[in-house]
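K.L.:
okay, structure incoming, though there's no sequence with it:
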């Protein structure tokens, strides 16, 4: 069942492919923040996230004629974005955590902020050390709130494999973060 946005997306894609290229801006406006957020998750800096966002939308624009509508447009877009990010990371041989730094506006005590920051860094490092197949599933499931079916469409892994990867990744993360959980950090 298509939601209104799914239907609107497919109509916009059809119009852009038929020659009304200026309508592509509607798709950019709808998904730019999400793609930019994914870029920030990969690169943790504004310039690289902006470059990533432009690269993704350029790829999407060029690939629109090949969009067949078998999946939601958003799933197709996220797959292109995720693959672009993974390929860029692989090329640069770096991986940054998907956890944001504590907010400057946080009103907690400096000690609590420092503890949360340390925990975020530990979680980000632990996620970064996961085998890539686990990390991909964990990233999409927890950080991008994708369903198992959407992750299947993005990665090509069967749903049961995805569930297994998420389960094993959680177990590995629990083991790696044992010191933090024993120390009472929430």
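P.N.:
Nice, I can see it. This is a predicted model, so every value here is computed, not measured.
K.L.:
going by C-alpha atoms from here, please, whenever you check contacts or count neighbours.
P.N.:
Fine.
K.L.:
which outside residues touch stretch 133-141?
P.N.:
The contact list for stretch 133-141 (Cα atoms under 8 Å, 6 or more residues apart in numbering) reads 98, 127, 128, 146, 147, 148, 151, 162, 165, 166, 168, 169.
K.L.:
point out where this protein drops to low pLDDT.
P.N.:
1-7, 90-109, 112, 179-186 (pLDDT under 70).
K.L.:
got the domain boundaries for it?
P.N.:
The chain breaks down into these domains under automatic domain parsing: 1-96, 103-186.
K.L.:
please state the offset of the first one from the chain centre?
P.N.:
Remark: domain 1-96 is offset 11 Å from the chain centroid, using Cα atoms, centre = their mean, to the nearest Å.
K.L.:
hang on, the earlier thing: please pick the buried ones from the contacts of stretch 133-141.
P.N.:
The neighbour count (16 or more other Cα atoms under 10 Å) marks 98, 127, 128, 146, 148, 151, 162, 165, 166, 169 as buried among the contacts of stretch 133-141.
K.L.:
look up the closest residue to residue 32, ignoring the ones flanking it.
P.N.:
residue 53 (7.2 Å; Cα to Cα, 6 or more residues apart in numbering).
K.L.:
residues touching the one you found, list them.
P.N.:
32, 35, 36, 39.
K.L.:
now do it against residue 18, distance only.
P.N.:
24 Å (Cα to Cα, to the nearest Å).
K.L.:
likewise for residue 37?
P.N.:
30 Å.
K.L.:
compare the two (neighbour count), which wins?
P.N.:
A direct count of neighbours by other Cα atoms under 10 Å for residue 37 and residue 18 places residue 37 higher, at 19 against 10.
K.L.:
so where does the closest residue to that one other than its chain neighbours fall, helix or strand?
P.N.:
What sits nearest to residue 37 in space, not counting adjacent residues and going by Cα to Cα, 6+ apart, is residue 49, at 7.7 Å. Element membership for residue 49, per DSSP states H and E: helix 46-63.
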